[in-house]
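*Asks:* Fold the following.
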Amino acid sequence: MMLLKAVHCLPPPRVCQGRLPAFRNCSRVPLGRLLITLVFCLAGTVCEENALGADYYSRQGDWAETMLKARKELLAAGLPDRERLEAASRTWLLVKEDFPVQWDWLLQDGGQDFRHWFGTVDGSAQEKELARKAVAELGDSGGELAQELNRVSRMANASSEGRLLKLYAKACEQRRQQRLQIVLRQAPRIIFTKHHTIRPSFFA
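*Replies:* Below you'll find the predicted structure:
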């Protein structure tokens, strides 16, 4: 952490071509030095922003435990509103790195605003809404999960114990299977590429 805080941006060097009146008296600076200065400046900024969320984030046994632990640590820090919001936003991005699939589910059902969940004392309302949306998309096949959602929603500790998040994950897994079945019916042959797709490309 001390290493990250020690990274500071140097004053931007003055670059001059000696052509415009405003720059006639400007000293010339090698382009290489300018680029190196900009790289260190950007690196320091990104590192410190990531550190803001990393202070309260650590990967746990599963996705739901990681989410709940991060929120608990962030709230326990007692940060002012602005700093808490910034830390919640960084934590949201750290979850993306460790759990990209689940993060995408949250983005689908909760949008970017779900990042505020990390700074909310009681996130049960947001969790219920996530689960409700995912279960509703299942239609008739989600009957059992709908009953489980009604039962879990009445539990006082459903949020703190991760019951709602785990139920939401189950619904998303089932929804994902349904979506893949549709894809396989429409495109039974799937091509896997080892490298990045060359763009523009057209796969008929």
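*Asks:* tell me the secondary structure for residue 157?
*Replies:* coil (DSSP: H, G, I helix; E, B strand; the rest coil).
*Asks:* Ignoring the adjacent residues along the chain, who's closest to it?
*Replies:* residue 163 (7.8 Å; Cβ to Cβ, 6 or more residues apart in numbering). All C-beta atoms are positioned from the backbone trio N, CA, C, and that covers glycine.
*Asks:* ok, now which ones touch the one you found?
*Replies:* Residues counted as contacts of residue 163 (Cβ atoms under 8 Å, 6 or more residues apart in numbering) are 152, 155, 157.
*Asks:* Not counting sequence-adjacent ones, nearest residue to the second one?
*Replies:* Which is residue 155. Distance criterion Cβ to Cβ, 6+ apart; nearest residue to residue 155, sequence neighbours excluded, is residue 163 at 6.5 Å.
*Asks:* now do residue 73
*Replies:* Nearest to residue 73 is residue 56, by Cβ to Cβ, 6+ apart, at 4.1 Å.
*Asks:* what pLDDT does the residue nearest to residue 155 get?
*Replies:* If you check residue 163, the pLDDT there is 92.
*Asks:* Check residue 195 too.
*Replies:* Residue 195 carries a pLDDT value of 68.
*Asks:* And for residue 62?
*Replies:* Model confidence at residue 62 (pLDDT) stands at 91.
*Asks:* Kindly report the same for residue 25.
*Replies:* 46.
*Asks:* In contact with residue 99, which residues are there?
*Replies:* 63, 66 are the contacts of residue 99 under Cβ under 8 Å, 6+ apart.
*Asks:* quick one: it from residue 186, how far?
*Replies:* For residue 99, the distance to residue 186 equals 28 Å [Cβ to Cβ, to the nearest Å].
*Asks:* again with residue 116
*Replies:* Distance, residue 116 to residue 186, by Cβ to Cβ: 37 Å.
*Asks:* of those two, who's got more company?
*Replies:* Using other Cβ atoms under 10 Å as the criterion, residue 116 and residue 186 rank with residue 116 on top: 16 against 7.
*Asks:* residues contacting that one?
*Replies:* By Cβ under 8 Å, 6+ apart, the contact set of residue 116 is 85, 88.
*Asks:* Same question for residue 142.
*Replies:* Residue 142 is in contact with 135, 136, 171, 174, counting by Cβ under 8 Å, 6+ apart.
*Asks:* ok, which pair from those is furthest apart?
*Replies:* By the measure Cβ to Cβ, 136 and 174 form the most distant pair in the contacts of residue 142, at 12.1 Å.
*Asks:* quick one, which of the two is more surrounded?
*Replies:* Neighbours per residue (other Cβ under 10 Å) separate residue 136 from residue 174, with residue 174 holding more: 18 against 13.
*Asks:* Quick check: phi and psi at the residue nearest to residue 73.
*Replies:* Backbone geometry at residue 56, expressed as degrees, to the nearest 10, gives phi -120, psi 10.
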